[in-house]
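Chemist: Model the structure of this input:
(chains A and B)
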Amino acid sequence: MADRVQRERAQQRAEEVVEAIARSSHAVDYDAILDEIDSVLESDAEEYVRSFVQKGGQ
Amino acid sequence: MGIETEYGILAPDAPELHPTVLSAAVVAAYPGIATGTTLEWDDPIPIEDAHNRMLANGARLYVDHAHPEYSGPEVTSARAAAAYDLAGDAAVVAAARVASAELGVEIGIYKNNTDSQGASYGCHENHLLPRSLPWESIRWALPAFLVSRAVITGAGRVGIGQHGERSGYQLTQRADFFETAEGIQTTQRRPILNTRDEPHAAPSRYRRLHVITGDANRCPFTTWLKAGALAGFLACLEASALPGLELADPVAAFSTVSHDTSLTALLELADGRRLTALDLQEAFSEAVAADAVRRPEAYEADVNAAWAQVLSDLRNDPAVCADRLDWVAKRELLMAYAVRLGLNPDDAWGGPRLAQLDLAWARLDRPGPFDVLEKAGRVRTLVTPSEVATAGVEPPSDTRAWLRGTLVRLVPERVMAASWDWMAVSDTDGRVHRLDLSEPTGLTAERVGAVPDAAAVDALLRRLA
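Modeler: Take a look at the predicted model:
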């Protein structure tokens, strides 16, 4: 009985670890993406944001 | 149903060009098959200017309030709505590219809904409802749905307030621009419930529900779920199978939901209960799922499943929705960017770098952060590029848009006038035939039959007029 509970707990921990890894790999590796994004952004952020003015709209 | 989008437009090197002129140049330059720019429009669409064009896919491209606007054709599924929405992005970008070359100025096209300097422009959804559904039922049920769905449909925004006067990140582009509960207006004191009821069909049988609270979305999944969940909600409303969930103050609740990225804010209901936006969405999603067991034909099963899954994911860990929802995908990226810049994310929201990335996210006419994420496989694709290309040139086959688009594709120069519910088309002898398209699911491919080429159009006009 105790053995089974322990096995189940171990199993549960393993699943949690796998899940955590999946989540962290989901959350990181933005580096290469951000490198590419940096290269497509205007150099003067402040001027770009200030000049974005729209007229009216529904 | 159908989705219409007003695009942001900017020519930074030619500030003397009024955006209405720029927008007209974009509409006129559309390089695909379309009607001319001087069609006459019958009521209820006013002639704002000469730049109104029907495209071969059944959509309409025009100038509205100093923005180029694309109204997708009438479709019957959320998937088609998403495909024609992407086709609209491609049409406006292609048109802007040609206009840009003609004018010799760079023209930026943006799929967002505010400049954070006081202006907002919309992405409206239209759903056809039976006239027998009383407005009182809609008024009772819809606000809580529209307000709470921001957790799914928000495009994400850096800045809070109509002028971005407070720093921070919020779920939606639009919420700060809604000031009343109900009304017909769309450009000021915007209402959560818009009462504009131009069915573009027999008014004795149909009502058009015009929804103006939504954001324009980049993730195709978000667009698909936005269209499909609202269609499901309305089907459930028609069956009187919705729970009674009425917000005490929908306008205040819309801001509350949009400003709460933790998704835990409690909203007060008219009966005194206090629930979160997620609680409300779960209640609606469950009611829809229950009615779908009884009437599966009234719903899209994949939409219902995806809706329930997204809500469950949002409750457990919103970050896992970065592959599906705009506001999550953008927030994850902005936070990673802040870290890279060495900024404390909580302090960085007010600075120009994150606001710049927010704008670049919305920019369609050149590769930007969203495209980089998509290319890296971080955004779930829903429709293939070839489906989008097809949606750009072919009308949906199962609505009247099929006849409209087919005639535009085959004889664009002979379409003398067009609206959603009628067209005037001349035959080869110059006689003008007026076609009645008032039944939205009337003149479909199946009902009209094959129209192989322009030579077959005369016979078709004689048969239909």
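Chemist: Thought B:Asp398 was touching B:Thr444, still the case?
Modeler: Yes: judged on Cβ atoms under 8 Å, B:Thr444 makes contact with B:Asp398 at a distance of 5.2 Å. C-beta coordinates here come from the backbone N, C-alpha and C atoms, glycine included.
Chemist: Find me the pLDDT at residue 16, would you?
Modeler: No chain was given, so I picked chain A. pLDDT, A:Glu16: 54.
Chemist: my bad, chain B
Modeler: For B:Glu16, the predicted pLDDT is 90.
Chemist: now do the one 3 residues further on
Modeler: Predicted confidence (pLDDT) for B:Pro19: 93.
Chemist: For chain A, see how far away it is.
Modeler: Separation of B:Pro19 from chain A (Cβ to the nearest Cβ, to the nearest Å): 5 Å.
Chemist: And B:Gly214, by the same measure?
Modeler: For B:Gly214, the distance to chain A - Cβ to the nearest Cβ - is 12 Å.
Chemist: need the residues of chain A near chain B, please.
Modeler: Residues of chain A lying close to chain B (Cβ under 8 Å from any Cβ of the partner chain) are A:23, A:26-27, A:30-34, A:36-37, A:40-42, A:45-46, A:48-49, A:51-58.
Chemist: where along chain A do the strands fall?
Modeler: Counting by DSSP state E, one finds no strands in chain A.
Chemist: any weak-confidence spans in it?
Modeler: A:1-28 (pLDDT under 70).
Chemist: State which one residue of it is found closest to chain B.
Modeler: Closest contact between chain A and chain B, by Cβ to the nearest Cβ, is at A:Gly57 (2.7 Å).
Chemist: for that residue, what are its contacts?
Modeler: With contact set as Cβ atoms under 8 Å, 6 or more residues apart in numbering or on different chains, A:Gly57 has these partners: B:6, B:65-67, B:119-122, B:187.
Chemist: Chain A next: which of those residues are close?
Modeler: Filtering the contacts of A:Gly57 for proximity to chain A by Cβ under 8 Å from any Cβ leaves B:6, B:65-67, B:119-122, B:187.
Chemist: low-confidence ranges in chain B?
Modeler: Residues of chain B that meet the cut-off, pLDDT under 70, sit at B:38-50, B:345.
Chemist: Can you list phi and psi of the closest residue to B:Val105 other than its chain neighbours for me?
Modeler: Nearest in space to B:Val105, with sequence neighbours left out and distances taken as Cβ to Cβ, 6 or more residues apart in numbering or on different chains, is B:Ala14 at 4.2 Å. With angles defined as degrees, to the nearest 10, B:Ala14 sits at phi -130, psi 70.
Chemist: Does B:Ala14 touch B:Ser100 like I think?
Modeler: No: using Cβ under 8 Å, B:Ala14 makes no contact with B:Ser100, being 10.3 Å away.
Chemist: The two: which has the busier surroundings?
Modeler: For B:Ala14 and B:Ser100, the more surrounded residue by other Cβ atoms under 10 Å in any protein chain shown is B:Ser100, and the numbers stand at 20 against 14.
Chemist: And chain A, is the helix or strand containing that one touching that?
Modeler: Secondary-structure assignment from DSSP states H and E places B:Ser100 in helix B:78-103. No: in terms of Cβ under 8 Å from any Cβ, no part of helix B:78-103 sits within range of chain A; the closest distance is 14.9 Å.
Chemist: Do I have it right that B:Gly442 meets B:Trp402?
Modeler: No: using Cβ under 8 Å, B:Gly442 is not in contact with B:Trp402; the gap is 9.9 Å.
Chemist: So if I had to pick from those two, which one is more boxed in?
Modeler: Legend: neighbour count by other Cβ under 10 Å for B:Gly442 and B:Trp402, higher for B:Trp402 (24 against 16).
Chemist: which parts of the stretch 51-200 of chain B sit against chain A?
Modeler: Close to chain A, as judged by Cβ under 8 Å from any Cβ, the stretch 51-200 of chain B has residues B:64-67, B:110, B:114-117, B:119-122, B:124, B:186-187.
Chemist: Give me the spatial nearest neighbour of the closest residue to chain A within the stretch 1-150 of chain B, chain neighbours excluded.
Modeler: Here the stretch 1-150 of chain B gets closest to chain A at one residue, B:Tyr121, 2.7 Å apart by Cβ to the nearest Cβ. Closest residue to B:Tyr121 apart from its sequence neighbours, by Cβ to Cβ, 6+ apart: A:Gly57 at 2.7 Å.
Chemist: go on, B:Ser258?
Modeler: Here the residue nearest B:Ser258, using Cβ to Cβ, 6+ apart, is B:Ala175, at 3.5 Å.
Chemist: picking up where we left off before, between the ones next to chain A among the contacts of A:Gly57, which has the most around it?
Modeler: B:Tyr121 (30 neighbours).
Chemist: Next, give phi and psi for the closest residue to chain A within the stretch 151-300 of chain B.
Modeler: Of all residues in the stretch 151-300 of chain B, B:Thr186 sits closest to chain A, at 4.1 Å by Cβ to the nearest Cβ. For B:Thr186, the backbone dihedrals (degrees, to the nearest 10) come out as phi -130, psi -10.
Chemist: what residues are up against B:Ile3?
Modeler: B:71-72, B:81, B:84-85, B:88, B:123-126, B:223, B:227.
Chemist: beta partners for it?
Modeler: B:Glu125 (DSSP bridges).
Chemist: any idea how chain B splits into domains?
Modeler: Using automatic domain parsing, the domains assigned to chain B come out as B:129-363, B:397-464.
Chemist: The longest one spans what distance, first to last residue?
Modeler: The first and last residues of domain B:129-363 sit 34 Å apart, counting by Cα to Cα, to the nearest Å.
Chemist: so how far is that domain from its chain's centroid?
Modeler: 12 Å (Cα atoms, centre = their mean, to the nearest Å).
Chemist: And for residue 54, the neighbour number?
Modeler: Answering for chain A, as no chain was given. A:Gln54: 25 neighbours (other Cβ under 10 Å).
Chemist: my question was about chain B
Modeler: The tally of other residues near B:Met54 (other Cβ under 10 Å) stands at 29.
Chemist: Assign a three-state SS to it, would you?
Modeler: strand (DSSP: H, G, I helix; E, B strand; the rest coil).
Chemist: show me the contacts for it.
Modeler: So B:Met54 contacts B:34-35, B:39, B:60, B:404-405, B:408, B:415, B:418 (Cβ under 8 Å, 6+ apart).
Chemist: Now with 10 Å, please.
Modeler: Residues in contact with B:Met54 (Cβ atoms under 10 Å, 6 or more residues apart in numbering or on different chains) are B:33-36, B:39, B:60-62, B:71, B:73, B:401, B:404-405, B:407-408, B:412, B:415, B:417-420, B:423.
Chemist: ok, now B:Leu237?
Modeler: With the criterion set at Cβ under 10 Å, 6+ apart, B:Leu237 makes contact with B:129, B:133, B:137-138, B:140-142, B:145, B:284, B:287-288, B:291.
Chemist: now the residues you listed: which count as buried?
Modeler: Among the contacts of B:Leu237, those classed as buried by 16 or more other Cβ atoms under 10 Å in any protein chain shown are B:129, B:138, B:140-142, B:145, B:284, B:287-288, B:291.
Chemist: In helices only, show me these.
Modeler: Taking DSSP state H, the ones among the buried ones among the contacts of B:Leu237 that sit in helices are B:138, B:140-142, B:145, B:284, B:287-288, B:291.
Chemist: Fine by me, thanks again.
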